[in-house]
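Kindly generate the corresponding structure for this input.
(2 chains)
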Amino acid sequence: DVKVTQSSRYLVKRTGEKVFLECVQDMDHENMFWYRQDPGLGLRLIYFSYDVKMKEKGDIPEGYSVSREKKERFSLILESASTNQTSMYLCASSWAGPSTDTQYFGPGTRLTVL
Amino acid sequence: TQLLEQSPQFLSIQEGENLTVYCNSSSVFSSLQWYRQEPGEGPVLLVTVVTGGEVKKLKRLTFQFGDARKDSSLHITAAQPGDTGLYLCAGLALGGTSYGKLTFGQGTILTVHP
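Purely as a prediction, here's the structure:
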């Protein structure tokens, strides 16, 4: 079974703190994604990566950065957390190839910024 | 930017009733997926539809992809409390190098009362 794990299920941080969210997948997937999920807005793509050290901006990259030093690990960084970044953060991964659409999700990290 | 409009946003029904969730766009998609998400978990893929007009059945769930590949529907027959959850549609863009990037609808929160 494909497994995507996220470092924390719940996180509480203060405004201005630097926040790291870690995601690890065990299926040698090339593609990895970070989303935030807010009620009524569905999943919005923050950043994605299609290879080690490669990254592309998604639809809402402002205030975030990412790092992919190893194939299995994709990190989301909030340089200076703000209250409007309080949200559920979901990581996902998928294979590259002709049928690249199936994404496998982690359980999510619920981040609260006070 | 491609958009997927999902409706309704909320559905609250009694056990045994039928329901349909719609996912519409002005854009054509290469494929369309439906995910289900339970509280505290990440979304899990239910089905992928690829061909215009395609119909897929998963027990009491019927998924249809529109002929023009711009819309999709999910129909549940004789809903059960175990069907309760958040249902998300997601589309894969046509052509080019998409890196498996999906566009998600806003989601439908389904509650089935015993």
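
Name all residues that make contact with the closest residue to chain A within chain B.
In chain B, the residue found nearest to chain A is residue B:42; the distance is 2.9 Å by C-beta to the nearest C-beta. Quick note: C-beta positions are derived from backbone N, CA and C, even for glycine. Counting by C-beta atoms under 8 Å, 6 or more residues apart in numbering or on different chains, residue B:42 touches A:4, A:90, A:92, A:105, A:106, A:107, A:108.

ok, which of the residues you listed also contact chain B?
Among those, the residues that sit close to chain B (C-beta under 8 Å from any C-beta of the partner chain) are A:4, A:90, A:92, A:105, A:106, A:107, A:108.

Just the buried subset of the residues you listed, written out for PyMOL, thanks.
Selecting the buried subset of the ones next to chain B among the contacts of residue B:42 in PyMOL, with 16 or more other C-beta atoms under 10 Å in any protein chain shown as the burial test, is done by:
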select buried, chain A and resi 4+90+92+105+106+108
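
I'd like the ones next to chain B among the contacts of residue B:42 laid out as a markdown table, including distance to residue B:3, secondary structure and pLDDT.
Formatted as a markdown table, the ones next to chain B among the contacts of residue B:42 follow (distance: C-beta to C-beta, whole Å; DSSP: H, G, I helix; E, B strand; the rest coil; pLDDT from 0 to 100):
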| residue | distance to residue B:3 | secondary structure | pLDDT |
| --- | --- | --- | --- |
| A:4 | 26 | strand | 95 |
| A:90 | 20 | strand | 97 |
| A:92 | 20 | strand | 95 |
| A:105 | 21 | strand | 95 |
| A:106 | 25 | coil | 95 |
| A:107 | 27 | coil | 95 |
| A:108 | 23 | coil | 96 |
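
what's the farthest-apart pair in the ones next to chain B among the contacts of residue B:42?
A:92 and A:107 (11.3 Å; C-beta to C-beta).

ok, so of the contacts of residue B:42, who is nearest chain B?
Within those, proximity to chain B (C-beta to the nearest C-beta) peaks at residue A:105, which comes in at 2.9 Å.
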